[in-house]
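>>> Need the 3D shape of this:
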Amino acid sequence: MPYLVALAAASALALGIAFGFWLHDEATIDYVKGSSTQEFVTTQQKTPEQKRPRKVVVRLPWPTYGLKVQRTHTSTEFKLKPPFRLRWTFKAGHVLEFPPSIAYGRLYLAQQRGRFYAVHHRTGKIVWERRFNHCSASSPTIAYRVVYHAWMQPLPCARYPRNQRGLLVAMAARTGRIIWRFHAGPFETSPLVIGRTLYVGSWDHHLYAINIGTGKPRWSFAADGEVNSSAAYSSGKIYFGTDGGSVYALDARTGRQRWRASALSRFGRREYFYATPTIAYGRVFIGNADGTLYAFGASSGRLLWAQRAGTYIYTAAAVWRRRVYVGTYDGYFMAFNAATGDRLWRFSASAAVHGAPSVIDGIVYFAACPACGSVASRYAKQGARGTYALDAESGKLVWHWPDGVFSPAVADSQHLYIVGRSRVFSFAPKRRAQKPKRKKRANQSKARSGTKSGRRAQGRPARRSKQRSSQRRSTAASRATGSRRATP
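Modelled structure (predicted):
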């Protein structure tokens, strides 16, 4: 018995010491405050609000993860606001960790257990389907009427060993015909197409640049860890994060390293970047698993600000009107000032926030993940799943849907698509009831029908009014004469 008491006391002491070290380490981390005077570009060409040509919007409403190659997760082109009415529901048969991409009137999406679908955007019916013996945790990319999708390890999706084989595949957008395949380590990133080159990261620590015409590598870059952070593009550079705690900027044409930045150190080590970088205002915004949101200079790689947000950040950031939006595993969703890093507002969700938000027509959408972080070493909020829609400016709740776990919202010009755990829901704005038109008066219609132009006959009523006024004057005069005669 004394031995057990001593063991319990020693365990409690060790936990207390570890907690004290954590508090000391957290207190000594030098979070950086930003400024709007340093590498903050707000010209129209550098903002996420920049509009695409109308033809592109119609043909390729949401062609890749994050909508644009800068991965901004923001659309100002679609006028879709609550309240909504449900149009159709599509059942994918298994977990949908990433949202669909939309092009040519179809939604292209992969569920976690190897099925890939092309779904008609108006009906929710399957146009074509392909099955692969691989797992999926990414969104496809559509370009030049070809769908590109990256697959992870073979079924049944065992996480180890990490040297399993992955698959990158190109399919005809109209029919699903396989055009080419490329094998490397498992791909847990969404492909990015720039010109005739596709960029994709892998568990094997490499970022690959693939010729989309042949499926052959143009070049590959060896990073300091697994590349599970999807690549983003801006101004001739490719940006991505790694499990080694680094953010890289490479020359898009040659693969040469332009700069490399790192996360802040805790206990002598750096945690990993799973989130996809977002490029806006001349900056790279990216969250780290240590719960910190970072802003690096897109040209220099210099740390411009770092802000503590929560226990973990897995979500890619959305940007809109100089605001940056992310969620955390402790159940909070927040907006930060893109220039300074100051927190503008915070919303408490029902559970951990894992997937990337989307800003559509001034509304920011995100989902609550009930099981994310259930075995994590730090706190992760457990609760009900669901999709939240907040006013992007104020953070106030404007709409809620009971399904949604990861990245919930994409759109085209007519519909909002909400991604549930294993279903896709298509919504359209509710039509406002129109006021009934008043019936025209019978005399107005008669008056108009009696004229050549259809307008009211102006002269006739005027003559009537003159006759009535003269009758009134004569009546008044006769009354006055009669009264004078009656006076003694």
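>>> show me the contacts for the residue positioned nearest the centre of the chain.
Nearest to the mean C-alpha position of the chain, by C-alpha atoms, centre = their mean, lies S358 at 2.1 Å. Residues in contact with S358 (C-beta atoms under 8 Å, 6 or more residues apart in numbering) are 67, 73-75, 318, 364-366, 407-411. The C-beta positions use only the backbone N, C-alpha and C, and glycine is treated the same way.
>>> Now do the phi/psi pair for it.
phi -130, psi 140 (degrees, to the nearest 10).
>>> Shouldn't V375 be within a helix?
No. Counting by DSSP: H, G, I helix; E, B strand; the rest coil, V375 is not found in a helix; it is coil.
>>> At which residues are the strands of the stretch 151-300 of the chain located?
Counting by DSSP state E, counting those that start in this stretch, the stretch 151-300 of the chain has strands at residues 166-172, 178-184, 192-194, 197-201, 206-211, 217-222, 232-234, 237-241, 246-251, 257-262, 278-280, 283-287, 292-297.
>>> which among the contacts of S358 end up buried?
The neighbour-count criterion (16 or more other C-beta atoms under 10 Å) marks 67, 73-75, 318, 364-366, 407-411 among the contacts of S358 as buried.
>>> Out of these, which is nearest to D330?
Nearest to D330 among the buried ones among the contacts of S358: F366, at 14.2 Å, using C-beta to C-beta.
>>> Okay, now the sheet partners of the helix or strand that the closest one is a member of, with direction.
Assigned by DSSP states H and E, F366 belongs to strand 363-368. Paired with strand 363-368 in the same sheet, following DSSP bridges, are strand 358-360 (antiparallel), strand 386-391 (antiparallel).
>>> pLDDT weak spots in the stretch 301-450 of the chain?
Counting by pLDDT under 70, the stretch 301-450 of the chain has low-confidence residues at 432-450.
>>> element containing the residue nearest to W305 when sequence neighbours are not counted, please.
Nearest residue to W305, sequence neighbours excluded (C-beta to C-beta, 6 or more residues apart in numbering): G34, at 3.1 Å. Using DSSP H and E, G34 sits within no helix or strand.
>>> contacting residues around G34?
Taking C-beta under 8 Å, 6+ apart as the criterion, G34 is in contact with 40, 295, 304-305, 337, 339-341.
>>> And T72, by the same measure?
With the criterion set at C-beta under 8 Å, 6+ apart, T72 makes contact with 48, 66, 278-280, 318-319.
>>> what's the pLDDT at it?
According to the prediction, T72 has pLDDT 96.
>>> Same check on N163?
95.
>>> Use 40 as the first number for this chain going forward.
Got it, the first residue is 40 from now on, which makes the last one we talked about N202.
>>> Next, count neighbours for it.
10 (other C-beta atoms under 10 Å).
>>> Now stretch 171-179: buried residues?
171, 173-179.
>>> Need the contact partners of it.
103-104, 136-140, 147-155, 186-194, 196, 205-206, 208, 226-230, 269.
>>> What's the ChimeraX line that selects buried ones from the residues you listed?
Only the buried entries of these go into this ChimeraX selection, using 16+ other C-beta under 10 Å:
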select :103,104,136,137,138,139,140,147,148,149,150,151,152,153,154,155,186,187,188,189,190,191,192,193,196,205,206,208,226,227,228,229,230,269
